[in-house]
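# here's my sequence, what's the structure:
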Amino acid sequence: PPRRQIVAAAEFNLQRQKRLAGAEDQLKGLTKNLDLMLTAAMQATRDSQVRTRSAPTAESSTHPVGIARHHVVGSHLIILPQN
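Presented below is the predicted three-dimensional model:
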């Protein structure tokens, strides 16, 4: 093939490598963010489980009834049902 085609193909490959490297960097960033979000969610779940286990329950012959806890979210008071 003529030299001009070889140079054009090499330039095309170089641009493609740059785009792939950019995409790889973006993917690494997204993966890191997802990992941080997953870690935070797992910690929140553990904290919630600890609070649930340490919450007082009323003794009864049928089912233990969890004492309703009030969670303030922003300016809204939300009462979460006990399962």
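
# where does pLDDT dip in this structure?
Applying pLDDT under 70 to the chain picks out residues 55-83.

# need the helices for it, in chain order.
3-54 (DSSP state H).

# what's the spacing between Q15 and G22?
11 Å (Cβ to Cβ, to the nearest Å). The C-beta positions use only the backbone N, C-alpha and C, and glycine is treated the same way.

# swap in A40?
27 Å.

# same question for N33.
17 Å.

# what do you get for L34?
19 Å.

# for R51, same thing?
In terms of Cβ to Cβ, R51 sits 44 Å off from G22.

# equivalent analysis for L38, please.
Taking Cβ to Cβ, one finds L38 at 25 Å from G22.

# likewise R3?
Taking Cβ to Cβ, one finds R3 at 29 Å from G22.

# between those two, which has more neighbouring residues?
Comparing R3 with G22 by other Cβ atoms under 10 Å, the one with more neighbours is G22, at 10 against 7.

# alpha carbons only: can I get stretch 35-50 in CSV?
Provided in CSV are the C-alpha atoms of stretch 35-50 (Å, rounded to 0.1, in the frame of the first residue of the first chain):
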residue,chain,number,x,y,z
ASP,A,35,-17.8,0.8,44.8
LEU,A,36,-18.0,3.8,47.1
MET,A,37,-21.8,3.8,46.8
LEU,A,38,-22.0,0.0,47.5
THR,A,39,-19.7,0.4,50.6
ALA,A,40,-21.9,3.2,51.9
ALA,A,41,-25.1,1.3,51.3
MET,A,42,-23.7,-1.8,53.0
GLN,A,43,-22.6,0.2,56.0
ALA,A,44,-26.1,1.9,56.2
THR,A,45,-27.7,-1.6,56.1
ARG,A,46,-25.4,-2.8,58.9
ASP,A,47,-26.2,0.3,61.0
SER,A,48,-29.9,-0.2,60.4
GLN,A,49,-29.7,-3.8,61.4
VAL,A,50,-27.9,-2.8,64.6
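
# now it: buried residues?
Using 16 or more other Cβ atoms under 10 Å as the test for burial, stretch 35-50 gives no buried residues.
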